[in-house]
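S.K.: next comes the sequence, and after it the predicted model I'd like to discuss.
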Amino acid sequence: MSINEIQAVQIPHRFRGPDQSANGGYCSGLVAGAFGYLTDQTVAVTLKAPPPLDKELQLQRSGGAAQLLDGTQLVAEGKLVSMPALELPCSCGAAAAERAAANFVGHQHHPYPGCFVCGPQRSVGDGLRVFAGTVEGEESYASPWRPDASLADEHGKVAPIMVWAALDCPSYFALGRPGLPALLGRMTAQIQSLPAVDEDCVLMAWSTGSDGRKHGSASALYGNDGRLLAHALTIWIELKVPLAG
């Protein structure tokens, strides 16, 4: 997308978080795409309103800033930034991630069970089925993730927007407050490398602290050899009134 270009986009119902709006990570990745998904480029996306589904939206970029608009309503805005310093853990490994996923609290209680990323109601090949649970002996959460061919881009790698989506929900569960009515407020992410289709990846997430109704966390994606593929910082906004479905 070139500078000052306006592009019509839609978010299909498949990529929902709550039933009536898009998954926040997917929407953030859509906005980040206005800058071309360059390796090691950091984009911070702030969500301003629930992103509507199956509706024509306008994605526009001007220099180092981008906006996603629903008519005159600002849905999200993105900016090119420097990634804040963040101490990243090593991958816990596939076996530990499998054990952690068995601790996923969303199987018992989930605020949005149809979520594209972490919804237990989504089937294999439809949702990402990223079920982040506590890692034994650590203050972190993890889940395995094997991206399927439906998530590939034209080059045969997993599409960057899917990486943004996958980094989203583990950071919610890492807040350690099951059932907390909260939505993604801001996501700052950087992709170093894209995973291959059917690669056995590991997602990890951990809390970075809270300030009132703002709750911070971070997440990271690792390849099957333990290399860092992408990482993100997130801010979750606790809702005064829970959002339905």
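M.R.: Everything's here; your move. Residues are numbered from 1 along each chain as shown.

S.K.: skipping adjacent residues, who's closest to residue 112 in space?
M.R.: Spatial nearest neighbour of residue 112, excluding adjacent residues (Cβ to Cβ, 6 or more residues apart in numbering): residue 18 at 4.9 Å. (Glycine included, C-beta is placed from N, CA and C.)

S.K.: doesn't residue 50 make contact with the one you found?
M.R.: Yes. Shown here, residue 18 and residue 50 form a contact pair, counting by Cβ atoms under 8 Å, at 7.2 Å.

S.K.: confirm that residue 32 sits in a helix.
M.R.: Yes. Assessed with DSSP: H, G, I helix; E, B strand; the rest coil, residue 32 lies in a helix.

S.K.: might one say that it is in contact with residue 77?
M.R.: No. Counting by Cβ under 8 Å, residue 32 does not reach residue 77; the two are 11.3 Å apart.

S.K.: list residues touching both of these two?
M.R.: Listed as contacting both residue 32 and residue 77 by Cβ atoms under 8 Å, 6 or more residues apart in numbering are residue 45.

S.K.: quick one, which of those two is more surrounded?
M.R.: The neighbour comparison of residue 32 against residue 77 (other Cβ atoms under 10 Å) goes to residue 32, with 29 against 16.

S.K.: who touches the residue nearest to the more buried one when sequence neighbours are not counted in this structure?
M.R.: Excluding the flanking residues, the one nearest residue 32 by Cβ to Cβ, 6+ apart is residue 43, at 4.2 Å. Contact analysis of residue 43 by Cβ under 8 Å, 6+ apart lists 31, 32, 35, 78, 79, 80, 81, 188, 189, 190.

S.K.: where's the closest residue to the first one other than its chain neighbours, which helix or strand?
M.R.: When you say that, I think you mean residue 31. Spatial nearest neighbour of residue 31, chain neighbours left out: residue 78 (4.1 Å); criterion: Cβ to Cβ, 6+ apart. If you go by DSSP states H and E, residue 78 is part of strand 73-81.

S.K.: please, where are all the strands along this protein?
M.R.: 6-9, 42-47, 57-62, 65-70, 73-81, 133-134, 141-145, 182-191, 201-211, 214-222, 228-238 (DSSP state E).

S.K.: now those strands in JSON lines, please, with extra columns for distance to residue 110 and mean pLDDT.
M.R.: Below are those laid out as JSON lines (distance: least, Cβ to Cβ, whole Å; pLDDT from 0 to 100):
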{"stretch": "strand 6-9", "distance to residue 110": "28", "mean pLDDT": "94"}
{"stretch": "strand 42-47", "distance to residue 110": "20", "mean pLDDT": "98"}
{"stretch": "strand 57-62", "distance to residue 110": "27", "mean pLDDT": "96"}
{"stretch": "strand 65-70", "distance to residue 110": "26", "mean pLDDT": "98"}
{"stretch": "strand 73-81", "distance to residue 110": "24", "mean pLDDT": "98"}
{"stretch": "strand 133-134", "distance to residue 110": "13", "mean pLDDT": "97"}
{"stretch": "strand 141-145", "distance to residue 110": "14", "mean pLDDT": "98"}
{"stretch": "strand 182-191", "distance to residue 110": "13", "mean pLDDT": "96"}
{"stretch": "strand 201-211", "distance to residue 110": "16", "mean pLDDT": "96"}
{"stretch": "strand 214-222", "distance to residue 110": "17", "mean pLDDT": "97"}
{"stretch": "strand 228-238", "distance to residue 110": "15", "mean pLDDT": "97"}
